[in-house]
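Novice: prediction below, plus the sequence it came from.
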Amino acid sequence: MSTPFYVSPEQQMKDRADFARKGIARGRSVVAVQYADGILFASENPSQALHKVSEIYDRIAFAAVGRYNEFESLRIAGVRLADMRGFSYDRRDVTARSLANAYAQTLGAIFSSGGEKPYEVEIFVGEIGGEAGADQLYRLTYDGQVFDEHRYAVMGGAADVVGAYLEEHYTEGADLATALGVAVAALGHSRNERGETTDREIGVEQLEVAVLDRTRIQTRKFRRLRAQQLASVLGATSA
C-alpha cells in the first residue's frame, strides 16, 4: 500500500497564499486617495461594463482587483447585507467597518478551507463622514486580513511602484483635480524589465474613476466620473 502524499499545514498555507498573490498581481492596480471633499478611487480599466469600483450604500464604496467573478460575488453580497441592515435597523447602522468585518470573515474562511481555492482578490471598502477626519478606508487581502488605510492606498499590479509614487507626490487636503492628477500619474508609473521606472500617459477612455463626494446634497454620495468629465478635470490640472 502506497504512503499518502503529505504536505505540512505551513506549506499548504504558503502555497495558497502564493497562488492568490500571483493572481492579484496580474491585475491592473487600483488606487484610493483621500482628498478634501471625500475619497477618490481610480484604476486603468478599458471596459465600460465590468466595473472595479461600485457603490455599496449611501456613503460607502467598494473597489476590487483580481478575478472579476469572485469580487463581483463579494460586491453583491455586500449590497444585500447593507440593504438588509439598513432596512431592519437604520441607515446609519450600515458602516464600512461592519462590512469590512463581514468580508474579512468570508475571505478568511475561504482561504483556510481545504475544499476550495482561495479567492484571488483584494478589496477596498471606503466610507466618508461629515468631515475629512471621519473618513474610513479599509483594505482587505485574499486571506481576510484587514488594514485601516490613511491618506492613500494601492492594491494589485505593481502596487509597490505605484505606492512609492503616491508617497512622494501625495498632498494632504488637496482638491479633486489635484488628487485625480496624482492618482492617474501614479497608475502610469511603472518599472521596465531592467528595473528602471518609466512613465506613460493613460487616456481618459482607459480610466475608471469614481468618488465618494461629501459635498453632494443627495443622500447617496457615490459618483462616477465619465471620460468627458475626466478630460475636463485633468485638463484643468495641467493648464
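Specialist: Cool, the structure landed. Please read all numbers here as calculations on a predicted model, not as lab measurements.
Novice: in this structure, what helix or strand scores lowest on average pLDDT?
Specialist: strand 197-199 (a mean of 74; mean pLDDT, DSSP states H and E).
Novice: is Gly144 in a helix, a strand, or coil?
Specialist: Here Gly144 takes the coil state, with states given by DSSP: H, G, I helix; E, B strand; the rest coil.
Novice: could you report the neighbour count for it?
Specialist: Close neighbours of Gly144, defined as other Cβ atoms under 10 Å, add up to 19. C-beta here means a position set from N, CA and C on the backbone, and glycine is covered the same way.
Novice: what about it, distance to Gln228?
Specialist: When distances are taken as Cβ to Cβ, to the nearest Å, Gly144 and Gln228 turn out to be 39 Å apart.
Novice: same question, Ile110
Specialist: To Gln228, Ile110 is 40 Å away according to Cβ to Cβ.
Novice: go on, Val94?
Specialist: As it turns out, when the distance is counted by Cβ to Cβ, Val94 lies 32 Å from Gln228.
Novice: so those two - more neighbours on which side?
Specialist: Each of Val94 and Gln228 has its neighbours counted (other Cβ under 10 Å); Val94 has more, 23 against 9.
Novice: that one touches Gly86, doesn't it?
Specialist: Yes. Under the criterion of Cβ atoms under 8 Å, Val94 is in contact with Gly86, at a separation of 4.7 Å.
Novice: what do the two both touch?
Specialist: Contact criterion Cβ atoms under 8 Å, 6 or more residues apart in numbering; residues shared by Val94 and Gly86: Tyr57.
Novice: where in the protein is pLDDT low?
Specialist: Along the chain, the model assigns pLDDT under 70 to residues 1-7, 192-197, 236-239.
Novice: ok, 80 please
Specialist: Per-residue confidence for the chain (pLDDT under 80) gives these ranges: 1-9, 114-115, 190-198, 235-239.
Novice: the helices in it, which residues?
Specialist: Using DSSP state H, the helices of the chain run over residues 9-25, 68-88, 96-112, 159-169, 176-187, 227-238.
Novice: go ahead and confirm Gly156 touches Ala63.
Specialist: No. With the criterion set as Cβ under 8 Å, Gly156 and Ala63 do not qualify as a contacting pair; they are 9.8 Å apart.
Novice: the two: who's more crowded?
Specialist: Summary of the neighbour comparison: Gly156 and Ala63, criterion other Cβ under 10 Å, with Ala63 having more neighbours (29 against 23).
Novice: list the contacts for that one?
Specialist: Under the criterion of Cβ under 8 Å, 6+ apart, the contact list for Ala63 reads Val30, Ala32, Phe41, Ser43, Lys52, Val53, Ser54, Ile123, Phe124, Gly126.
Novice: much appreciated, bye for now.
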